[in-house]
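Enquirer: quick one, structure for this:
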Amino acid sequence: MDDERGDTSGAELDVIMARAVAAARVAEGVPAVERRRWLAAAADAMDADAAELVRIAMRESHLPEARLTGELARTTAQLRLFDRVLDEGSYLEATIDHPDPSATPPVPDLRRMLVPLGVVAVFSASNFPFAFSVAGGDTASALAAGNAVVVKAHPGHPELSARTARTVTAALAEAGAPDGLFALVSGFDVGPLLVEHPDTAAVGFTGSVPGGRALFDIAARRPSPIPFYGELGSLNPVVVTPDALRQRGAELARGLSESVTLGAGQFCTKPGVVFVPGGEQASDAFAAAVAQALPDTTWTLLTPSIAEGFTRRTVEQLAAGAIAVGGSAGASAGSSSAKSGPAEDAIAGSDVGIPGAGAGAGASADGQVAPVILSADVSTVLAHADTLLEESFGPSTLLVRYADDDELARALTALDGSLTATIHAEPDEEIGDLVALLRPRAGRILFGGWPTGVAVSWAQHHGGPYPSTTSVHTSVGATAIRRWLRPVTYQTAPEAALPPELCEGNPLGIVRRVDGVLGRS
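Expert: Below you'll find the model as predicted:
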């Protein structure tokens with residue numbers, strides 16, 4: 001697809017998929033050292049085109065230059081991380097059991113490793129136009145594994161998607177990758193067709209719960225179901241303990257404000273619900289401090305539909321009993337805007353920092369939104385969990401007052417799965433029970449700090465229980481590659497039939513497990 005072609009038709013998709021299948025067959029047999037060159041070439045080309053790519057991204061996403069420049073650097077760093085993953089080799093899980101006739105039952109010669117799936121479909125995200133988009137983590141890890149990739153462009157940044165795809169396609173061709181190894185498609189209708197296509201072997205998705213769940217169900221209903229690795233929605237709870245509030249309340253309020261408004265609150269790891277201890281006076285003081293720390297600004301969100309959804313969600317939360325305690329217009333815990341009452345009264349004008357928001361729940365005329373801080377007690381949250389414990393994508397968070405450990409436990413038990421959970425406690429506090437409550441509900445637990453930074457590394461896990469993701473795997477970090485591989489065991493195979501990764505003597509020098517011992521033998 002290029003800038004002028006528009007939406008991809010079903011017939012065009014068939015041609016693209018046929019080329020991708022042929023390219024995947026070639027890529028599966030290509031040594032890892034060649035795939036490393038492909039990844040490096042793509043990274044180098046994107047770095048070379050960085051100025052133009054960032055200019056386009058600024059225009060389409062409304063995100064600032066510094067943020068996008070950093071995100072592009074993160075994207076090329078992801079490609080280079082998988083260069084190192086391929087070099088080290090343990091991602092293949094190469095395992096050899098030599099014959100042992102004395103075992104019960106006897107063990108024949110068994111040699112196991114992971115192999116690529118074939119053609120991977122990747123759905124770009126709106127909120128990270130580089131790092132979770134055309135050449136983002138899903139694409140990088142799938143190509144590294146030896147698959148072909150067909151990317152569905154996000155409608156929020158079509159020009160950037162096409163321009164990035166041209167850069168990557170040209171770089172891969174220059175590096176000797178097979179034709180068709182990477183392609184871009186676009187259009188609303190092509191999404192389900194891509195998931196349904198018989199040549200699609202797996203899907204990577206980052207987006208909303210409704211959209212992701214619809215595609216997930218399509219993947220499961222296929223005559224031959226396929227893996228669907230979706231990142232959908234995440235509330236990312238934060239728990240502040242009594243001692244932490246007493247010792248560091250002002251610091252925590254500033255940190256929360258910065259995390260909630262980072263990227264206009266359009267991070268999948270934004271802290272969406274914060275549990276604050278103590279009575280109404282203590283929690284109101286913390287809420288006022290958060291409100292005071294909010295930036296006096298408004299943002300144009302990524303798309304008009306996201307802005308409309310943000311204001312609609314705020315209206316729903318207020319109607320469910322949440323109270324507005326702060327926003328960029330100067331509302332605070334002690335102001336008249338902190339009263340409860342009908343939703344249309346509570347959000348009149350900009351009292352909660354949504355210019356122009358009213359009973360109609362629309363964004364302002366110019367599409368701008370501003371930060372919103374809401375508050376509720378545990379009983380209100382539990383009575384309206386379907387509304388109050390649902391992700392609000394944008395610069396807002398819900399502060400939940402809890403009276404004691406039992407009330408906190410009841411509230412945490414009501415949470416669905418999230419990508420992250422954060423604990424702010426003092427060093428001498430006992431938090432073992434709290435960790436036990438949060439661990440089943442999150443893929444990454446932070447002890448201090450804020451969850452909106454996601455390092456790209458070997459130990460990173462970016463995933464969590466549903467609805468945050470649809471699998472147990474990560475989409476960030478070295479082990480993201482595991483999603484696009486499947487195991488195959490060779491039994492009593494002649495040496496000539498074995499891939500070099502499983503041959504005697506370890507000709508590639510990769511990490512393997514031989515007769516139960518992990519090493520490079």
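
Enquirer: quick one: low-confidence ranges for this structure?
Expert: Along the chain, segments meeting pLDDT under 70 span 1-5, 280, 327-367.

Enquirer: tell me what the longest helix along it is packed against?
Expert: Secondary structure of the chain per DSSP state H: the longest helix is helix 65-88. Here helix 65-88 touches helix 32-48, helix 50-61, helix 137-144, going by 3 or more CB pairs under 8 Å, 6 or more residues apart in numbering; DSSP states H and E. C-beta coordinates here come from the backbone N, C-alpha and C atoms, glycine included.

Enquirer: run through who's touching that helix.
Expert: Around helix 65-88, the neighbours that count as contacts under CB atoms under 8 Å, 6 or more residues apart in numbering are 32-33, 35-36, 39-40, 42-44, 46-47, 50, 53-54, 57-58, 61, 91, 128-131, 135-137, 140-141, 143-144, 263, 456-457, 477-478, 481, 510-511.

Enquirer: out of those residues, which are buried?
Expert: 32, 35-36, 39-40, 42-44, 46, 50, 53-54, 57-58, 61, 91, 128-131, 135-137, 140-141, 143-144, 263, 456, 477-478, 481, 510-511 (16 or more other CB atoms under 10 Å).

Enquirer: which residues touch the one helix or strand Val435 maps to?
Expert: Using DSSP states H and E, Val435 sits in helix 432-438. Outside helix 432-438, the residues within contact range by CB under 8 Å, 6+ apart are Pro237, Val239, Thr241, Asp405, Leu408, Ala409, Leu412, Thr413, Ala421, Ile423, Ala425, Ile445.

Enquirer: so who does the last one touch?
Expert: Counting by CB under 8 Å, 6+ apart, Ile445 touches Thr420, Ala421, Thr422, Ile423, Val435, Leu438, Arg439.

Enquirer: can you put the residues you listed in CSV and add neighbour count and distance to Thr169?
Expert: Formatted as CSV, the contacts of Ile445 follow (neighbours: other CB atoms under 10 Å; distance: CB to CB, whole Å):
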residue, neighbour count, distance to Thr169
Thr420, 28, 35
Ala421, 28, 40
Thr422, 25, 40
Ile423, 20, 45
Val435, 13, 46
Leu438, 21, 43
Arg439, 11, 43
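
Enquirer: with respect to Val195, which of those residues is nearest?
Expert: Comparing the contacts of Ile445 against Val195 with CB to CB places Thr420 closest, at 27.6 Å.

Enquirer: for this structure, which residue is closest to the average position?
Expert: Compute the mean C-alpha point of the chain, and by CA atoms, centre = their mean the closest residue is Glu231, 5.4 Å away.

Enquirer: wouldn't it be in contact with Cys268 here?
Expert: Yes - the pair Glu231 / Cys268 is scored as a contact, 6.5 Å apart, by CB atoms under 8 Å.

Enquirer: name the residues contacting each of those two.
Expert: Contacts common to Glu231 and Cys268, judged by CB under 8 Å, 6+ apart, are Thr206, Leu419.

Enquirer: how big is the angle separating the one helix or strand Ala162 maps to from helix 50-61?
Expert: Counting by DSSP H and E, the element that carries Ala162 is helix 158-174. Angle between the axes of helix 158-174 and helix 50-61 is 150 degrees (criterion: axes from the mean of the first three to the mean of the last three CA atoms, to 10 degrees).

Enquirer: I figured Arg483 hits Ala144, correct?
Expert: No - contact between Arg483 and Ala144 fails when scored by CB under 8 Å: they sit 11.2 Å apart.

Enquirer: between those two, what contacts are shared?
Expert: What both Arg483 and Ala144 touch, as defined by CB under 8 Å, 6+ apart, is an empty set.

Enquirer: if we can go back for a sec, which phi and psi does the closest residue to the residue nearest to the centre of the chain other than its chain neighbours have?
Expert: Leaving aside its chain neighbours, Glu231 sits nearest to Thr206 (4.6 Å; criterion: CB to CB, 6 or more residues apart in numbering). Here is the backbone geometry of Thr206 (degrees, to the nearest 10): phi -130, psi 120.

Enquirer: so how far is Gly137 from Thr206?
Expert: Going from Thr206 to Gly137 by CB to CB, to the nearest Å gives 9 Å.

Enquirer: return the residues in contact with the residue nearest to Glu231.
Expert: Phe123, Ser124, Ala125, Phe128, Phe132, Asp138, Gly230, Glu231, Cys268, Ser475.

Enquirer: apart from its neighbours in sequence, what residue is nearest the first one?
Expert: Spatial nearest neighbour of Phe123, excluding adjacent residues (CB to CB, 6+ apart): Phe205 at 4.3 Å.

Enquirer: for the one you found, what are its contacts?
Expert: Contacts of Phe205 (CB under 8 Å, 6+ apart): Val122, Phe123, Gly211, Gly212, Leu215, Phe216, Phe228, Tyr229, Gly230, Glu231, Leu232.

Enquirer: rewinding a little: need the helices and strands packed on helix 65-88 in TSV (columns: distance to Thr492).
Expert: TSV is the format used below for the helices and strands packed on helix 65-88 (distance: least, CB to CB, whole Å):
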stretch	distance to Thr492
helix 32-48	26
helix 50-61	52
helix 137-144	31
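
Enquirer: good, we can wrap up now.
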